[in-house]
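>>> Got a predicted structure plus its sequence, pasted below:
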Amino acid sequence: MSGRLTVLAPDGVPEVRPGDDLAGLLIEALTREDVALEDGDIVLVTSKVVAKSEGRIGTGHRHEALAREPHRVVARRGATVIVRNGLGLTLAAGGIDASNIEPGRLVLLPLDPDASARALRARLHDRTGSRVGVLVTDTAGRAWREGQTDLAIGAAGLTVLESYVGRTDPYGNPLVVTAPAVADELAGAAELAQGKLAARPFALVRGRADLVLPVGEDGPGAAALVRPPAGDLFGFGAREAVVRALAGDALDREAFGAPASAADLGHALIEVLGDGVAVEIPEGFLVAGSPEVVAALGLAHGWVVETTPDGSLLRPGPGAPSRGATPPGP
């Protein structure tokens with residue numbers, strides 16, 4: 001890794017149509033800039049032109065197109081709908097976009113962005129002989145930040161996540177969870193050169209050849225950056241989490257993440273129902289409070305609720321952590 005990074009987003013790329021050869025368009029655009037691909041280069045291409053070349057174009061309103069795509073609503077605020085789509089990506093309208101295309105038409109995401117990246121990498125190697133990495137990028141908001149930035153939704157031939165776990169910093173402090181999402185960082189850097197309205201769907205990044213894998217090794221793809229539902233702390237928005245827990249639909253269980261430990265559930269029972277209402281027993285917790293509230297707490301924490309003559313019985317659901325001997329407490 002060097003201390004220098006260069007980004008080039010070539011001009012002059014024509015409107016992409018279904019069936020167009022993206023590798024050829026990129027090479028032509030780079031040739032006009034008097035640039036040739038080299039080993040260690042990283043090529044970035046927007047998901048929009050990948051989708052257009054693959055014929056992923058629809059018509060009508062976004063909500064109608066979204067209804068035809070696999071998704072789960074995460075949060076809704078007025079006309080804004082944040083969903084987790086079939087690729088596991090959490091995006092506004094599932095990534096369905098009505099910008100930079102003729103009025104009345106929509107661009108859907110590629111069906112398999114990692115496969116799209118692999119195909120483009122192979123075509124670029126066949127045409128130029130160069131060992132490059134490829135990223136397919138898209139724009140997303142952030143849960144705690146205003147504005148949007150680009151991230152990687154498809155990848156081939158590239159390390160997408162660098163793990164620093166087990167290393168130490170210059171002061172000798174151990175790094176426990178540090179793992180830069182370098183594919184997303186590259187996508188954000190490329191977007192600074194591409195812009196949103198300049199018709200520059202391609203970018204070329206030099207300076208991180210250490211991330212590019214050998215020919216024939218495509219790596220895990222950008223799918224490796226998608227957090228699985230069990231580890232997702234934000235499977236629903238704040239309002240939606242309350243509504244879905246009270247609705248009690250067992251199909252929502254996955255969106256609440258991995259089942260909670262007995263200690264975490266015990267704390268929640270005390271916070272909501274008060275001390276002394278829940279009693280820890282070998283099977284789980286016996287709760288004398290409102291059955292509706294207990295059922296909602298059980299669903300949200302991944303525990304199974306059963307009705308007994310003595311109250312509601314909460315017992316660990318599949319995948320719940322082993323229960324310790326420590327009773328719930330503040």
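Ah, there it is. The shown structure was predicted, so the numbers you read here are calculated from the model rather than taken from an experiment.
>>> got the contact list for the longest helix along the chain?
Using DSSP state H to define each element, the chain has its longest helix at helix 113-128. For helix 113-128, the surrounding residues in contact (C-beta atoms under 8 Å, 6 or more residues apart in numbering) are 21-24, 26-27, 36-37, 43, 45, 47, 50, 54, 87, 110, 130-136, 153-157, 215, 218, 221-223. All C-beta spots, glycine's among them, are computed from the backbone N, C-alpha and C.
>>> Ok, stretch 210-218 next?
So stretch 210-218 is contacted by 1, 39-42, 117-118, 121, 125, 131-133, 156-159, 162, 182, 219 (C-beta under 8 Å, 6+ apart).
>>> For that stretch, which residues meet the burial criterion?
Neighbour-count burial for stretch 210-218 flags 211-212, 218 (criterion: 16 or more other C-beta atoms under 10 Å).
>>> now do stretch 147-163
For stretch 147-163, by 16+ other C-beta under 10 Å, it's 149-161.
>>> Show me which of these is closest to residue 234.
residue 151 (16.1 Å; C-beta to C-beta).
>>> And the spatially closest residue to residue 80 that is not a sequence neighbour, how close does it get to residue 178?
Nearest residue to residue 80, sequence neighbours excluded (C-beta to C-beta, 6 or more residues apart in numbering): residue 92, at 6.2 Å. Look at residue 92 and residue 178: by C-beta to C-beta, to the nearest Å, they are 29 Å apart.
>>> Same drill for the two, tell me which one is more crowded.
For the pair residue 92 and residue 178, the greater number of neighbours falls to residue 92 (17 against 13), based on other C-beta atoms under 10 Å.
>>> how about the buried residues of stretch 210-218 in CSV, adding pLDDT?
Shown next, in CSV, are the buried residues of stretch 210-218 (pLDDT from 0 to 100):
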residue, pLDDT
211, 97
212, 98
218, 98
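>>> Show me where the stretch 51-200 of the chain has its strands.
In the stretch 51-200 of the chain, the strands defined using DSSP state E, counting those that start in this stretch lie at 57-59, 71-77, 80-85, 90-92, 105-107, 133-142, 145-156.
>>> Comparing these, which comes out most buried?
Among those, strand 133-142 has the highest mean neighbour count (mean count of other C-beta atoms under 10 Å), at a mean of 24.
>>> how many degrees apart are that strand and helix 113-128 in direction?
Between the axes of strand 133-142 and helix 113-128, defined by axes from the mean of the first three to the mean of the last three C-alpha atoms, to 10 degrees, the angle is 150 degrees.
>>> pLDDT averaged over strand 133-142 - what is it?
For strand 133-142, mean pLDDT rounds to 96.
>>> ok, of the buried residues of stretch 210-218, which one's closest to residue 320?
Nearest to residue 320 among the buried residues of stretch 210-218, with distances taken as C-beta to C-beta, is residue 218, at 36.4 Å.
>>> Brilliant, that's me finished.
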